[in-house]
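# Make a model of this:
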Amino acid sequence: MRRSAGLLLLAVAGFLGVLAVVVPTYLLGALAVAPEDYYGVFRLRAVGAEGLDQASGKVLTGLDVESVSTVRGDPNAATADLVVWDGTTTVQTSTGIVLAYSDRRVAFDKTSGLVVTCCGAYVGESDVEQSGLAYKWPYFAGRRDYPFFDPVTLQTQPMRYEGEERVSGLTVYRYHQTIPDRRVGPVPGGILPAATPDVPAFLYASVDRTYWVEPVTGTPLRVRETQNQTIRTAGGVPRLTALAADFHTPPEETTTHANDLRPTITVLSFARGPAPWVCGGSAAVALVAGLVLYRPRGDVESDG
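Model (predicted):
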């Protein structure tokens, strides 16, 4: 009976020893990757915004505006190292007037989150080459700057790390990006809307955004984004405001995201941190106990 117990403990020690290696190497590698079949809906709201009603050509003021982004993974386009996500964003008023719409397809590395040029990627009608981060940070994000692609101005600029905060009970890293005002392209149709239809016009845009990112999962938990878009003549003279809004994540949505992330954070943090040490330490204890019990009693007495 004593030797059977020792044999069992030796088997347990071997199993725990394997776990000490497998958990950080394989299990964490399987969990800490962007999913191929991802689906998510994200809302930003703005109060007192301005926007161009494209149907009437009039600039509306004092608007309550919501930006709804829907993101879907395309499992059929994914590879061993890449995922492909499709996204749409609709900006509309509380009365249903659509101020802006955009769509996007992007492929990125499952682990690093960095964009890879392939798989029919696009932003709106442009096939501009995207780079940097797209929708999320890598798992176990660092306290450092990251390149981040802006789908409004179609360029990559640094997301600069600014510090650590607490949001909805979770530790988050704050990153900030500023995109200076620049010409994005011609307005639809290439001319000013409404009263001056024969004047060539171009869209200019600037963006100032702050992301509060949960670092273990690399998930943006809260966003604040100030967008300013103007329609100007070929000489750069502002003529109309296309969109001026200070967007932010609604508090209730931040709370929901935080609650959804907590189980994943717990599992990943344990797998990366104490799990190998717990398994390795338990394996050592089981090994010693197993050897003591497995040795014949006479050998133990003679050693004394």
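# Could you use CA atoms for every contact and neighbour count after this?
Noted.
# Pretty sure K136 sits against T219.
Yes: taking contacts as CA atoms under 8 Å, K136 lies within contact range of T219: 5.6 Å.
# Looking at these two, which one has more neighbours?
T219 (22 against 18; other CA atoms under 10 Å).
# Next up, the contacts around that one.
136-137, 213 (CA atoms under 8 Å, 6 or more residues apart in numbering).
# for these, which one is nearest R174?
Nearest to R174, judged by CA to CA, of the contacts of T219 is V213 at 6.3 Å.
# Distance-wise, check the closest residue in space to the closest one that isn't next to it in sequence relative to A80.
The shortest distance from V213 to any non-neighbouring residue, by CA to CA, 6 or more residues apart in numbering, is to P220 (4.2 Å). P220 sits 24 Å away from A80, going by CA to CA, to the nearest Å.
# Which of these two has more residues huddled nearby?
P220 (22 against 8).
# quick one: buried residues of the helix or strand hosting that one?
According to DSSP states H and E, P220 maps onto strand 219-233. Buried residues in strand 219-233, counted by 16 or more other CA atoms under 10 Å: 219-233.
# Output that strand as PDB, nothing but the C-alphas.
What follows is strand 219-233, C-alpha atoms only, in PDB (Å, rounded to 0.1, in the frame of the first residue of the first chain):
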ATOM      1  CA  THR A 219      -8.600  45.200 -25.200                       C
ATOM      2  CA  PRO A 220      -9.500  48.900 -25.400                       C
ATOM      3  CA  LEU A 221     -11.900  49.400 -22.400                       C
ATOM      4  CA  ARG A 222     -12.600  53.000 -22.900                       C
ATOM      5  CA  VAL A 223     -12.200  55.500 -25.800                       C
ATOM      6  CA  ARG A 224     -12.300  59.200 -26.200                       C
ATOM      7  CA  GLU A 225     -12.000  60.500 -29.700                       C
ATOM      8  CA  THR A 226     -12.300  64.100 -31.000                       C
ATOM      9  CA  GLN A 227     -13.000  64.300 -34.700                       C
ATOM     10  CA  ASN A 228     -13.000  67.400 -36.800                       C
ATOM     11  CA  GLN A 229     -13.800  67.100 -40.500                       C
ATOM     12  CA  THR A 230     -14.300  70.100 -42.800                       C
ATOM     13  CA  ILE A 231     -15.000  70.500 -46.500                       C
ATOM     14  CA  ARG A 232     -12.700  73.000 -48.200                       C
ATOM     15  CA  THR A 233     -12.100  74.400 -51.600                       C
END
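# Distance from that strand to the middle of the chain?
Centroid separation for strand 219-233 versus its chain: 17 Å, with CA atoms, centre = their mean, to the nearest Å.
# Just give me how far the following helix or strand past that strand sits from the chain centre.
Counting by DSSP H and E, the next helix or strand C-terminal to strand 219-233 is strand 238-248. A distance of 25 Å separates the centroid of the chain from that of strand 238-248, by CA atoms, centre = their mean.
# List the buried residues for the next helix or strand after strand 238-248?
For strand 238-248, the following helix or strand on the C-terminal side (DSSP H and E) is helix 251-272. By neighbour count with 16+ other CA under 10 Å, helix 251-272 contains the buried residues 254-255, 257-258, 261, 265, 268-272.
# which residues of this protein fall in strands?
39-53, 58-73, 82-93, 98-109, 115-116, 122-123, 146-150, 155-167, 170-191, 200-214, 219-233, 238-248 (DSSP state E).
# elements contacting the second one?
I take that to be strand 58-73. In terms of contacts (3 or more CA pairs under 8 Å, 6 or more residues apart in numbering; DSSP states H and E), strand 58-73 is packed against strand 39-53, strand 82-93, strand 238-248.
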